[in-house]
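Visitor: Quick check, what structure comes out for this input:
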Amino acid sequence: MATSSGLEKCLAVGLDVFLDAQPGQNNAPRYPGRIRGWDEGNYILFGLNRGARLPVVRRGAECVVRFMHEGEVWGFTAAVGEAIAQSEFPLIQLHWPNNVARIQVRKHERAPIHIPCTLHVGEESDDCSINDISSGGCSLIANRDLAVSDTMHLSFRMPDGGQVSRRPVIIRNRREDPSGTFSYGCQFQEETEEDRGIELFVKRKIAMDRGEAAPHPQLLVLSRNDEDVRVAQQGLKESPYQAVAATGILDLGYRLKTCNTVGILISFEQKELSAIEIIPLINATQDTEEVPLFLYGGGADLHAQATGTGAALCLDSLEQVQEVLPHLPALPEPAATEEEEADAPAEEGEVTGAEGESEAAPAEEEDSVSLDSPAEEMEFDEDDDGDDGEDEIDLG
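Guide: Residues are numbered from 1 along each chain as shown. All right, here's what the predicted structure looks like:
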């Protein structure tokens, strides 16, 4: 029996698929049809659409099947078992595939989260949950039965504390789960400022999940003057830190969620609030208690007030930015290079080969599917229409 590839979780009777009976041949016809049934690990029944002619296939010949599921294109190569000609819906039995490939085609990449949500339909409200999210939409689990193209509103709080209130969405796809609940792919309507916060959260979450979170510690520069960031960066060029602009209080909040922030430089010239008001506000914000704040500009009287409200240091100008370095948290030791590891003595219990190289147990290889391999030759025409549910893609 073939190993599990997740294929069984997205198959459904009536699922629209395309069959390529002559993979690899230019301009070969592709036959639209639907899944009519399957026996996991053994076979899949492909049924042509009403009135379609049955392709000429022989038992054991390989064909390629493609279909769309939750913003991804899936494809696999399968051998033909037998053709079952019926008057209205011709069926072809395909052996269960050994390898399955899929690619992401959503315009907006989504991050997995699990947060409670309130679903508003007219005057009624239901409790539901969100399983993943992007700046363009989300995946929703609810008990209420709704139809594709229905509109509704969602209210929820992001894991980083951002509040989303009665956000209009439209249902782009629907699936009923065996548990009796319903899964919906929802597209956000009416772009708002909330989208930017969601997008930055998603990017940060994905980067952290992949181990790609911002490698450089960063100093945020809260200033109305773009030149300040350049000056700060010039002063930090010999250090491991980067200067990143924050153009206002709202933008500062976004940056704190997405950057590896180790300190904040605050200009005495502010628009929304005074620098003296901003300092205690940041200090009272969750997860920023240990981030040192530095005021620059404004003179001795302002510096005295800033120190009294929580500033770690005050500078006359950003030309003195290197003076903040002793106030920043200690950085982790850099990982040893391959040369350093090679020169290091073997630890007790470590087995070395004849040349002194460490001998580790061979890692178990994971099964992988390459979209470029002959078994998974798939050509996708992405139609980026801005729909973050299931984009319309011409698989034919």
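
Visitor: where exactly do the strands run in the stretch 201-350 of the chain?
Guide: Here the stretch 201-350 of the chain has its strands, by DSSP state E, counting those that start in this stretch, at 218-222, 242-246, 261-267, 293-296, 313-315.

Visitor: Any stretches of the stretch 151-300 of the chain with poor pLDDT?
Guide: Residue ranges of the stretch 151-300 of the chain with pLDDT under 70: 160-161, 207-215, 258, 286-287.

Visitor: Would you map the helices across it?
Guide: Ranges of helices in the stretch 151-300 of the chain, per DSSP state H, counting those that start in this stretch, are 194-209, 226-235, 249-258, 275-283, 300-308.

Visitor: Could you export those to CSV, including columns for mean neighbour count and distance to N27?
Guide: Placement of C-beta: from N, CA and C, glycine included. Below are those laid out as CSV (neighbours: other CB atoms under 10 Å; distance: least, CB to CB, whole Å):
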stretch, mean neighbour count, distance to N27
helix 194-209, 18, 39
helix 226-235, 17, 54
helix 249-258, 19, 47
helix 275-283, 18, 62
helix 300-308, 15, 72
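
Visitor: between those, which one is nearest to M152?
Guide: Smallest distance to M152 across the helices of the stretch 151-300 of the chain (CB to CB): 16.6 Å, for helix 194-209.

Visitor: Okay, domains of the chain per the record?
Guide: Domain ranges of the chain: 7-104, 111-199, 218-327, per automatic domain parsing.

Visitor: Distance to K205 for those - can I get that in CSV?
Guide: Converted to CSV, those look like this (distance: least, CB to CB, whole Å):
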stretch, distance to K205
domain 7-104, 16
domain 111-199, 4
domain 218-327, 9
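
Visitor: Turn the strands of the stretch 201-350 of the chain into CSV, columns for mean neighbour count and distance to Q25.
Guide: CSV is the format used below for those (neighbours: other CB under 10 Å; distance: least, CB to CB, whole Å):
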stretch, mean neighbour count, distance to Q25
strand 218-222, 25, 53
strand 242-246, 20, 52
strand 261-267, 23, 55
strand 293-296, 26, 66
strand 313-315, 21, 70
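
Visitor: got the contact list for stretch 119-135?
Guide: With contact meaning CB atoms under 8 Å, 6 or more residues apart in numbering, stretch 119-135 is reached by 106, 108-118, 138-144, 146, 152-156, 166, 183, 188, 195-196, 198-199, 202, 388.

Visitor: repeat that with 7 Å
Guide: Stretch 119-135 has contacts (CB atoms under 7 Å, 6 or more residues apart in numbering) with 108-118, 138-144, 152-156, 166, 195, 198-199, 202, 388.

Visitor: average pLDDT for that stretch?
Guide: Over the span of stretch 119-135, the pLDDT mean works out to 92.

Visitor: Output that stretch as CSV, restricted to C-alpha atoms.
Guide: Taking C-alpha atoms only, stretch 119-135 is exported to CSV below (Å, rounded to 0.1, in the frame of the first residue of the first chain):
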residue,chain,number,x,y,z
LEU,A,119,-19.1,35.4,13.3
HIS,A,120,-21.8,38.1,12.6
VAL,A,121,-24.6,37.3,10.2
GLY,A,122,-27.2,40.0,10.1
GLU,A,123,-28.2,40.6,13.8
GLU,A,124,-27.1,37.1,14.9
SER,A,125,-23.6,36.2,16.2
ASP,A,126,-21.9,32.8,16.6
ASP,A,127,-18.7,31.7,18.1
CYS,A,128,-16.2,30.2,15.7
SER,A,129,-12.4,29.9,15.2
ILE,A,130,-9.7,30.9,12.7
ASN,A,131,-7.2,28.3,11.7
ASP,A,132,-5.0,30.4,9.4
ILE,A,133,-4.8,34.0,8.2
SER,A,134,-3.2,36.4,5.7
SER,A,135,-3.8,40.0,4.9
